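A.B. asks: Sequence isn't available, so here's the structure alone:
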């Protein structure tokens, strides 16, 4: 399912370099997102969306699931407000199990009108006693091992769905370094007891959360009684920080052979907003804040003589 990584990576990436010099501003980047509406009792044969990059989706893997159909009927939540698929690229060690467990835990949660959803309260703590394993997390410019490492992928996907549905974002924290599955400014991280992802249901009907992970694709959808508006993301890259490259010897490789263990990602600062267009013609711009990231260093193994 997910690609395995050598566990020894962690000992070599903990000493990552800090920031480097800034690069010139980059132009605004936009991602347009379609409103989605699928009524459960109108769904006919269609294929599951299997996107190559993360983004909004319509055709979801649980459309004929009996548990899902029962929940939508019970809570009168048969309209897909919005859904997002995070395509998880080369997950770090220990993340697979934790993401699967967290995705299963968030499935079926009901958020009542005016209620605040909290990821930590709903599916945390992310401890060994609750089935979570040690996984990779960010700590400043370093990679560290923590219990529950990887559950931030749930937070990021929930964040994108909440924005699609025009819900009130109560608490959101960005990662200290970029993630490789959503643009800068579109991620969210959690740390139990310290950082949470929270949104308020500002609708007058309950919202049903559903989720599933298939291969390296994490799907989350919100269901209620009306579709979400048209949402367009805009990310203004204020500056960029070039990622450094680290090398380490590996006698298991042929002399002169190189292998990229972690692909570097530039850091920087981004200002994010969304333009929201409602069905009555109203247009609103919502500022989602400024996010700053250390660069994620690239780690390359080099073959040496045995």
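C.D. replies: That came in fine, so what should we check first? The structure presented is a predicted model; accordingly, all values stated were derived computationally and were not measured. Numbers count the residues shown, from 1 in each chain.
A.B. asks: okay, and for this structure, where does confidence drop off?
C.D. replies: 1-46, 92-93 (pLDDT under 70).
A.B. asks: Show me the helices in it, by range?
C.D. replies: Listed in chain order, the helices of the chain (DSSP state H) span 9-13, 66-74, 95-106, 119-123, 152-164.
A.B. asks: Please spell out which residues along the second one are buried.
C.D. replies: Counting neighbours by 16 or more other Cβ atoms under 10 Å, one finds that the buried residues in helix 66-74 are 68-69, 71-72. The C-beta positions use only the backbone N, C-alpha and C, and glycine is treated the same way.
A.B. asks: And those residues, which is closest to residue 219?
C.D. replies: Comparing these against residue 219 with Cβ to Cβ places residue 68 closest, at 11.7 Å.
A.B. asks: Tell me how far the closest one lies from residue 59.
C.D. replies: With the distance defined as Cβ to Cβ, to the nearest Å, residue 68 ends up 14 Å from residue 59.
A.B. asks: if we can go back for a sec, which members of the buried residues of helix 66-74 are the farthest-apart pair?
C.D. replies: 69 and 71 (7.4 Å).
A.B. asks: ok, which stretches of the stretch 101-250 of the chain are strands?
C.D. replies: Counting by DSSP state E, counting those that start in this stretch, the stretch 101-250 of the chain forms strands over residues 110-111, 116-118, 134-139, 142-147, 168-171, 198-200, 207-214, 217-224, 230-241, 245-250, given from the N-terminal end onward.
A.B. asks: Buried deepest among those, which one?
C.D. replies: Among the strands of the stretch 101-250 of the chain, the stretch with the highest mean neighbour count (mean count of other Cβ atoms under 10 Å) is strand 217-224, at a mean of 25.
A.B. asks: Could you list the paired strands of it along with their orientation?
C.D. replies: For strand 217-224, the pairing partners within the sheet under DSSP bridges are strand 79-87 (antiparallel), strand 207-214 (antiparallel).
A.B. asks: what angle do that strand and helix 66-74 make?
C.D. replies: On the basis of axes from the mean of the first three to the mean of the last three Cα atoms, to 10 degrees, strand 217-224 is oriented at 20 degrees to helix 66-74.
A.B. asks: tell me the contacts of the closest residue to residue 95 other than its chain neighbours?
C.D. replies: The shortest distance from residue 95 to any non-neighbouring residue, by Cβ to Cβ, 6 or more residues apart in numbering, is to residue 150 (3.2 Å). Contact criterion Cβ atoms under 8 Å, 6 or more residues apart in numbering gives 91-92, 94-96, 98-99, 102, 135-137 as the residues in contact with residue 150.
A.B. asks: Distance check, residue 255 against residue 305.
C.D. replies: Using Cβ to Cβ, one gets 5 Å for the distance from residue 255 to residue 305.
A.B. asks: Residue 220 now?
C.D. replies: Plainly put, residue 220 is 49 Å away from residue 305 if you go by Cβ to Cβ.
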